[in-house]
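Peer 1: Take this sequence and fold it.
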Amino acid sequence: MKIAMLAINNVFDTGLAAVLDTLATANELSALESFPVPRFECVMVGVRETVHTSLGLSVPVQPPGAMRQPDWVIVPALGTKMPEPLLQVLDERESIDAAEQLRTWHADGARIGAACIGTFLLAESGLLHGHEATTAWWLGPLFRQRYPEVRLDERRMLVPSGDVITAGAAMGHLELALWLVRQTSPALADMVARYLLVDTRPSQAPYMIPMHLANADPLVQHFERWARNRLHQGFSLEVAADALHVSKRTLQRRMEAVLGKSPLSYFQDLRVERAVHLLRTSRKDMEAIATEVGYADGVTLRTLLRRRLGRGVRELRSFADS
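Peer 2: Got it, this is the predicted structure:
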């Protein structure tokens, strides 16, 4: 399988290395265990002659024409993590040229994958239009605002959609690389994961910080502050809108536009965040925690935690004890 790794200046060191190391490990184990799968032929490609990582390391790259049509193109993340500098990078000539190269490869039949902030570069190319996607969770509001034609779900770690695939933040690069290996051999992917001590993360939800997401918009931020003081009470959209001096429709539409979820859903996120904090920092039983975050009983809260985070109470508490 021919894979082009498209790197531009300020590429995220860990993400780049994670993909390369995973595929190299797959090649080694495949040869060692005689797996009947093709080798992963990885070539570093750049639209400029010189590429440096975010930590200043020099990356040897070849021009796009040096590799015969790749089967896959992988776009690792940029080292720029916050919205304002990221937008500046996306407007630079190198990013524009990289997006154009992605369109060229795709038109010739290549499939495209991107992880973490690399998903922004893929979205800039227009190749995510109409597709489902994920991205670095804290940049969900910016992604949703800049690319409204993409069906974003930043809770998911990995989102295959047609001939493109996106992965979540940071270690989402590992998930993406393992997914590529799994397409050729699930058994080989499992062995690679064991060698690299990788546990699959189907969701970014356990890592998301609701307050960071709320900071993307003043009204959402005000709602977050108001809601935190009422987690033990029932939720009412009318009461929330009155407290924030806006209409119910305005609050609903703003939350959907910024976070992709309703005020009630975000209110539940805050309840889950508080419940997890109490599970990890106190010895309160589930009934007491449920009461503190506004649920009638511990059973309801257990079900919500499992549905939202994919983890049970025992797993959440064992994290604190480890």
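Peer 1: can I see the domain layout of the chain?
Peer 2: Per the record, the chain has its domains at 2-205, 209-321, by automatic domain parsing.
Peer 1: a markdown table for those domains, including mean neighbour count and mean pLDDT?
Peer 2: All C-beta spots, glycine's among them, are computed from the backbone N, C-alpha and C. Written out in a markdown table, the entries for the domains of the chain read as follows (neighbours: other CB atoms under 10 Å; pLDDT from 0 to 100):
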| stretch | mean neighbour count | mean pLDDT |
| --- | --- | --- |
| domain 2-205 | 19 | 95 |
| domain 209-321 | 16 | 89 |
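Peer 1: Quickly note the distance from the closest residue to residue 170 other than its chain neighbours to residue 77.
Peer 2: In space, and not counting its chain neighbours, residue 170 is closest to residue 116: 5.8 Å by CB to CB, 6 or more residues apart in numbering. Residue 116 sits at a distance of 4 Å from residue 77 (criterion: CB to CB, to the nearest Å).
Peer 1: Residue 212 reaches residue 140, doesn't it?
Peer 2: No - the pair formed by residue 212 and residue 140 falls short of the contact definition of CB atoms under 8 Å, at 9.9 Å.
Peer 1: before we move on, back to that, residues contacting the residue nearest to residue 170?
Peer 2: 12, 15, 76, 77, 135, 136, 167, 168, 169, 170, 172, 173 (CB atoms under 8 Å, 6 or more residues apart in numbering).
Peer 1: which ones among the residues you listed are found in helices?
Peer 2: Assignment to helices by DSSP state H places the following of the contacts of residue 116 there: 15, 172, 173.
Peer 1: Closest to residue 71 out of those residues?
Peer 2: When the ones in helices among the contacts of residue 116 are compared for distance to residue 71, the smallest value, 18.4 Å, is given by residue 173; criterion: CB to CB.
Peer 1: Quick check: the gap between that closest one and residue 101.
Peer 2: Residue 173 sits at a distance of 20 Å from residue 101 (criterion: CB to CB).
Peer 1: thinking again about what came up before, and the ones in helices among the contacts of residue 116 as CSV, adding distance to residue 54?
Peer 2: Formatted as CSV, the entries for the ones in helices among the contacts of residue 116 read as follows, by distance: CB to CB, whole Å:
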residue, distance to residue 54
15, 10
172, 17
173, 14
